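*Asks:* Have a look at this prediction, sequence included:
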Amino acid sequence: MGKKLFLVIYFAFFLIFFIAFEVPILTELSFILNFISLTFFMIYNIQYEKEFSPFLSVFIVFQILFFIVAPVVQIDFIVSKGFDGSGSFIQNFPFTEGMCIRANAYIFLFNIVFFMTYLYFKRKIRTSKDISYNYPQIPLYLLALAFFSILLILFNFKSILFQYQNEFYKEAEQTSVSNYLIVQKFLYFIPFSAVILAQYYLKSKKKLTVNFYVVVILLFFFIAVILFLKNPLTEKRNALGPLYITLLFLFFRKILNTNYKVTSFMFFSMVLIFPVLTIITHSRYTLSQMIAKPILISKNIEYLSVNDAFNSLHYDAYPNFLATIDFYDKKPVVYGEQLSCSLFFFVPRSVWKDKPETTGFKIGNYLIDKYKFNFNNLSNPYISEAYINFGIIGIILFASALSYFFMIMIKWIQSQDYLKVVFAFYFSIYLMYFLRGDLTNGFAFIVAFWMAVIVVPKYIFALIMYYVRK
């Protein structure tokens, strides 16, 4: 599909979208203003951006999905029920036009500051390629990782088996936060570094030596380990999407090697395909029943609507931002308190007695106390974290910090260091989770992944070279 056809489909979709869904006029105009600004950014990204920046692509798709598509559908659902001033979002926060227009103004400010600083840092920060980083003794490293992977599976076999037999939330209830972070988000990702380096080794070797065939066997072994530890049936979607899309990038790079390809891929998958998949994932019937009797699919379509996809806690970023604004207005706020919790996530609460609760829990408890909601483990988007920490100034600071970090990641994805390249691409897809929040979990998980695929391999290579030279 060419860029022109994609843009035709894009504009046609949103023309129908804004006509089909009923939203109060001033609120709708505020959404359209944000849509226009994001569309401008998207056209710049796919037409004029010379650097490969999947980060900007995913950022745009996230903003469109969570701050335009989802809230418009949610507000339409509220209005269609005969809104009389008492309608509320999925987490019981009441819908008011004034609050939505105010939130959209903040989102518009965030988007504009982000894009302007993105262009500024792009001129100021050189994105020239780094010096090539050589990984010596890769077969030896892979053999060591194979031994480690076997031990990892053996020591955690009961836990892995429990995941296969039970829902994720039952497994999470029996696991401490620190143990979950160390095992699931750090140790289980270390074998992924072996997949990256095995693929790197095979690409760089032209002669079919014994080591070449050994690495081929080890590559299949590590892919099997990843499938076992990060299985689609047991793992949360925030890990599956970045992991499997990164594998696609790793082995079939031409599919996702331009800004246009990443933008169109993420737009179609996140905005169009995933909501349609609720026909299966939120079905009254099992997958085997629908395969045996395809007529059940049409019955399920009649039963479900697009509202069922977007009126769920999976798309609660916008109403949680509204709740955060309300919290900031009515509760005492300590500037930077939530940010300190995120930056020092690794400090246990047994040591830091007054460690703040994560923003998701804080807003969740606020909704329980004030609006009689029944659940407190909520997400909280990046812009909410900005606002609850420093108000409007926080929106400007956090938008600028994000664009600056994007520049660092652009340098990494252009790097000659293969681990940095893959980490940077993984982070670009991970942005769909990171931007949704909350910041503490999003930051902790990406730091754990960074340690697993960059810090650990380089430390092991340093040890290998030390003993080889010795």
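*Replies:* That came through fine. Residues are numbered from 1 along each chain as shown.
*Asks:* Summarise which helices and strands the helix or strand where Ala12 lies is packed against.
*Replies:* For Ala12, the element it lies in under DSSP states H and E is helix 3-20. For helix 3-20, the elements it packs on are helix 25-43, helix 259-266, judged by 3 or more C-beta pairs under 8 Å, 6 or more residues apart in numbering; DSSP states H and E. For every residue, glycine as well, the C-beta is placed using N, CA and C.
*Asks:* So which bits of that helix are buried?
*Replies:* Buried residues in helix 3-20, counted by 16 or more other C-beta atoms under 10 Å: 6-7, 10, 14.
*Asks:* Of the helices and strands packed on helix 3-20, which is nearest Asn156?
*Replies:* helix 259-266 (32.4 Å; C-beta to C-beta).
*Asks:* for the stretch 1-150 of the chain, which spans come out with low pLDDT?
*Replies:* 1, 82-86, 126-133 (pLDDT under 70).
*Asks:* Quick one: mean pLDDT over the longest helix along the chain.
*Replies:* Using DSSP state H, we find that the single longest helix of the chain is helix 382-413. Regarding helix 382-413, the rounded mean pLDDT is 94.
*Asks:* Which strands or helices does that helix pack on?
*Replies:* Looks like helix 382-413 contacts helix 54-64, helix 97-124, helix 317-330, helix 337-343, helix 359-371, helix 418-434, helix 439-450 (3+ C-beta pairs under 8 Å, 6+ apart).
*Asks:* What about Thr258, how many residues nearby?
*Replies:* 17 (other C-beta atoms under 10 Å).
*Asks:* now do the one 4 residues further on
*Replies:* The tally of other residues near Val262 (other C-beta under 10 Å) stands at 27.
*Asks:* How about Phe52?
*Replies:* Quick note: Phe52 (other C-beta under 10 Å) scores 20 neighbours.
*Asks:* Val351 now?
*Replies:* So Val351, with other C-beta under 10 Å, has 7 neighbours.
*Asks:* So it: helix, strand or coil?
*Replies:* Here Val351 is coil, with the state taken from DSSP: H, G, I helix; E, B strand; the rest coil.
*Asks:* pLDDT score for it?
*Replies:* For Val351, the predicted pLDDT is 85.
*Asks:* ok, it to Phe344 distance?
*Replies:* Relative to Phe344, Val351 is positioned 10 Å away (C-beta to C-beta, to the nearest Å).
*Asks:* What's the local residue count around Leu181?
*Replies:* Neighbours around Leu181, by other C-beta under 10 Å: 19.
*Asks:* show me the contacts for it.
*Replies:* Applying C-beta atoms under 8 Å, 6 or more residues apart in numbering, one finds that Leu181 lies in contact with 444-445, 448.
*Asks:* Tabulate these in TSV, adding columns for pLDDT.
*Replies:* Below are the contacts of Leu181 laid out as TSV (pLDDT from 0 to 100):
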residue	pLDDT
Ala444	91
Phe445	92
Ala448	93
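*Asks:* got the phi/psi numbers for Ser88?
*Replies:* Main-chain dihedrals, Ser88, degrees, to the nearest 10: phi -140, psi 160.
*Asks:* And Phe373, by the same measure?
*Replies:* According to degrees, to the nearest 10, Phe373 has phi -80, psi 170.
*Asks:* tell me which residues in the longest helix of the chain are buried?
*Replies:* Buried, per 16+ other C-beta under 10 Å, within helix 382-413: 382-390, 394-396, 398-400, 402-403, 406-407, 409-413.
*Asks:* ok, back up a step: mind putting the buried residues of helix 3-20 in JSON lines, distance to Phe31 included?
*Replies:* JSON lines is the format used below for these (distance: C-beta to C-beta, whole Å):
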{"residue": "Phe6", "distance to Phe31": "22"}
{"residue": "Leu7", "distance to Phe31": "20"}
{"residue": "Tyr10", "distance to Phe31": "16"}
{"residue": "Phe14", "distance to Phe31": "10"}
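*Asks:* that's a strand at Pro348, yeah?
*Replies:* No - secondary structure of Pro348 (three-state DSSP): coil, not part of a strand.
*Asks:* quick one: contacts for it?
*Replies:* Counting by C-beta under 8 Å, 6+ apart, Pro348 has contacts Ser178.
*Asks:* any idea how far the residue nearest to Gln338 when sequence neighbours are not counted is from Ser350?
*Replies:* Nearest residue to Gln338 in three dimensions, chain neighbours excluded: Thr359, at 4.9 Å (C-beta to C-beta, 6 or more residues apart in numbering). Distance, Thr359 to Ser350, using C-beta to C-beta: 21 Å.
*Asks:* If you count surrounding residues, which of the two has more?
*Replies:* Thr359 (29 against 8).
*Asks:* Do I have it right that the more buried one meets Thr324?
*Replies:* Yes - assessed by C-beta atoms under 8 Å, Thr359 is found in contact with Thr324 at 7.5 Å.
*Asks:* which neighbours do the two share?
*Replies:* Joint contacts of Thr359 and Thr324 (C-beta under 8 Å, 6+ apart) are 380, 384, 388.
*Asks:* quick one: Phe41 from Ile75, how far?
*Replies:* The gap separating Phe41 from Ile75 is 23 Å, by C-beta to C-beta.
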